[in-house]
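>>> Need a 3D model of the following:
(one chain, ligands or ions: 1)
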Amino acid sequence: MEKPDDTGMLISPEKRIWVAVLVLVLVWGGLLCDSDAAAFSRTPELQKELIDRDVTDNIDPSEIKIITGVFNGGDTASCVLGPFLPLQTIYSLEKQSRPVFSFSRFKKGQPFQISFVQDAFLSFEYEIDDQYRLVIKKNKERFGIARVPIQYEIREQVISAEIESNISVALKQAGQPPSLAGDLADIFAWDIDFAKDIQSGDRFQMLVEKRFKKGEFQGYGQILAAVFVNKGREYKAFQYTDTRGHAGYYDENGRSLQKAFLKSPVKFSKITSYFSTERFHPILKTSRPHPGVDYAAPKNTPIKTVADGTITQMAYNNTMGRYITIRHFNGYETSYYHMNSYARGMKKGVSVVQGDVIGYVGKTGLATGYHVCFRMTKNGSPVNPLKIAQTAASPISSNEKQQFSKTIAYYREKLMTAESLARTTR
Ligand SMILES: [Zn+2]
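Got it, this is the predicted structure:
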């Protein structure tokens, strides 16, 4: 039997934190809510400085208290920070944080940490993903907000596999986690349509980071280089971070792999209906054009925007179901129909970045099975998304060519050494 605590109630450790928080609210709530909203720093330099500066210099370390927790579904910034900061301050922080991280994107299950001393808030840290943390630090009456990379000890590993059915299975057979399939597909998402182009005999090789914290394996990091042979054609990708800190994938000649549109809005799906001007409709039993591409995928598969843009429509309609329309550059628009639900933070007017998850596969509206009907228009007229001419992002600039060559020479050697080792042990 569980031992009741001294209040005579059974309280889980997680609940106990919230009991503690509640007590703090009751004790300090009045004090904090009356205080003036703190001044905010405006320039990125100052932000950086505020984050880097140790604000605990004059504080006895034993005085600092730290609360850790994870976001529950529906938790907002005011739920979590409310006990420590006045609402007005939280709203200002929310606004100030937007360019770095939107508070509407706090995710269920992601850990956070709040530190404070006596009645004063010191900092808030939140793990955005396995690469970045959001750090909000108070320094006197000012706040610094930054997205900071999580520090890991990195080891590199080469993974090779041949595909029989799909990438995930191939990875599993090679003793690697199938989750790497998504990262690999993302790299070639502009050139290979993983919904229709993959065939038996395709193969790949990648140089991937393995992350360790205090010697303990924390999972895979970035893919540094990859070679993918699809239908006998070889695609190569090398990661390179330019002097401005922008990372991207390039081919051997320094051409960016990134193009204006992703090849498809869902990964590892199956095309069940192509773009056509005439089609027999399975439900309406009439012939009518299908100015889109249907991708069948399991319920709740993430749907990604194929390009940067702004949401112009987000609504429910008897035919299209839950759908989103996004306006891109040069008169292009894309729409995604039959969603089961929208991704968090999506609404009309929101800007999205290529690859952002905007919703999840469903069969709302007029649909026989789970799929996304993907449509593209240019200046209002339907275009076939599988046939548009793609424009590539900027290549490596000439003053970076030397550094780029050095970087890819290193990656190539790693990949080649692994391949020859594999050959000799075969
Ligand atoms: Zn369709």
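>>> Nearest residue to the closest residue to the ion within the stretch 101-250 of the chain in space, please, no chain neighbours.
Nearest to the ion in the stretch 101-250 of the chain, going by Cβ to the ion, is Ala195, at a distance of 13.9 Å. All C-beta atoms are positioned from the backbone trio N, CA, C, and that covers glycine. Using Cβ to Cβ, 6 or more residues apart in numbering and skipping residues adjacent in sequence, the residue nearest Ala195 is Ser269, 4.7 Å away.
>>> Would you check how far apart that neighbour and the ion are?
Ser269 sits 13 Å away from the ion, going by Cβ to the ion, to the nearest Å.
>>> If you tally nearby residues, what's the number for that residue?
24 (other Cβ atoms under 10 Å).
>>> before we move on, what about Ala389?
With other Cβ under 10 Å as criterion, Ala389 counts 5.
>>> The ion contacts on the stretch 151-300 of the chain?
Gly292, Asp294 (Cβ under 5 Å from the ion).
>>> Which residue ranges of the stretch 151-300 of the chain form helices?
Ranges of helices within the stretch 151-300 of the chain are 167-173, 180-187, based on DSSP state H, counting those that start in this stretch.
>>> in this protein, which residue is closest to the centre?
Asp356 (6.5 Å; Cα atoms, centre = their mean).
>>> Would you check that Ile150 makes contact with Tyr132?
Yes - assessed by Cβ atoms under 8 Å, Ile150 is found in contact with Tyr132 at 6.5 Å.
>>> How far away from the center of its chain is stretch 357-374?
21 Å (Cα atoms, centre = their mean, to the nearest Å).
>>> what does stretch 297-313 give?
13 Å.
>>> Just list whatever residues bridge to Lys259.
Ala392 (DSSP bridges).
>>> Relative to the ion, how far out is it?
23 Å.
>>> With Lys270 instead?
Taking Cβ to the ion, one finds Lys270 at 13 Å from the ion.
>>> neighbours around that residue, how many?
For Lys270, using other Cβ under 10 Å, the count is 12.
>>> who are the neighbours in contact with the closest residue to the ion within the chain?
Evaluated by Cβ to the ion, the chain has Cys373 as its residue closest to the ion, separated by 2.9 Å. Cys373 is in contact with Gly292, Val293, Asp294, Met320, Ser335, Tyr336, Tyr337, His338, Ala367, counting by Cβ atoms under 8 Å, 6 or more residues apart in numbering.
>>> and it, what are its bridge partners?
With DSSP bridges as the rule, Cys373 is bridged to Asp294, Tyr337.
>>> Need the helices of the stretch 151-300 of the chain in a markdown table (columns: distance to Tyr220 and mean pLDDT).
Shown next, in a markdown table, are these (distance: least, Cβ to Cβ, whole Å; pLDDT from 0 to 100):
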| stretch | distance to Tyr220 | mean pLDDT |
| --- | --- | --- |
| helix 167-173 | 11 | 92 |
| helix 180-187 | 6 | 91 |
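>>> So which of these is nearest Lys231?
Within the helices of the stretch 151-300 of the chain, the stretch nearest Lys231 is helix 167-173; the backing value is 14.6 Å (Cβ to Cβ).
>>> From the rest of the structure, what touches the closest one?
For helix 167-173, the external contacting residues (Cβ under 8 Å, 6+ apart) are 159, 161-164, 177-178, 180-181, 184-185, 194, 198, 204, 268.
>>> likewise stretch 204-216?
Stretch 204-216 is contacted by residues 130, 152-161, 163, 167, 170, 180, 184, 217-229, 411, 414-415, 418-419 when judged by Cβ under 8 Å, 6+ apart.
>>> 7 Å - rerun?
152-161, 180, 184, 217-229, 411, 414-415, 419 (Cβ atoms under 7 Å, 6 or more residues apart in numbering).
>>> Out of those residues, name the ones that lie in strands.
153-161, 217-229 (DSSP state E).
>>> which of the residues you listed are buried?
For these, a neighbour count by 16 or more other Cβ atoms under 10 Å gives the buried set as 158-161, 220-221, 223-229.
>>> how about Val357, what does it touch?
For Val357, the contacting residues are Pro302, Ile303, Lys304, Ala343, by Cβ under 7 Å, 6+ apart.
>>> Distance-wise, check the residue lying closest to it once chain neighbours are set aside relative to Ser394.
Closest residue to Val357 apart from its sequence neighbours, by Cβ to Cβ, 6+ apart: Pro302 at 4.3 Å. Distance, Pro302 to Ser394, using Cβ to Cβ, to the nearest Å: 28 Å.
>>> So for those two, which residue has more residues nearby?
Pro302 (16 against 12).
>>> Isn't that one up against Asp356?
No - Pro302 lies out of contact with Asp356 (Cβ atoms under 7 Å); the separation is 9.6 Å.
>>> those strands in the stretch 201-350 of the chain, which residues are they?
203-213, 216-230, 233-241, 247-250, 270-273, 276-280, 287-290, 293-296, 302-304, 309-317, 321-327, 332-342 (DSSP state E, counting those that start in this stretch).
>>> Need those in TSV (columns: distance to Lys363).
Formatted as TSV, the strands of the stretch 201-350 of the chain follow (distance: least, Cβ to Cβ, whole Å):
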stretch	distance to Lys363
strand 203-213	33
strand 216-230	30
strand 233-241	34
strand 247-250	34
strand 270-273	12
strand 276-280	18
strand 287-290	16
strand 293-296	10
strand 302-304	13
strand 309-317	13
strand 321-327	7
strand 332-342	6
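>>> No further queries at this time; thank you.
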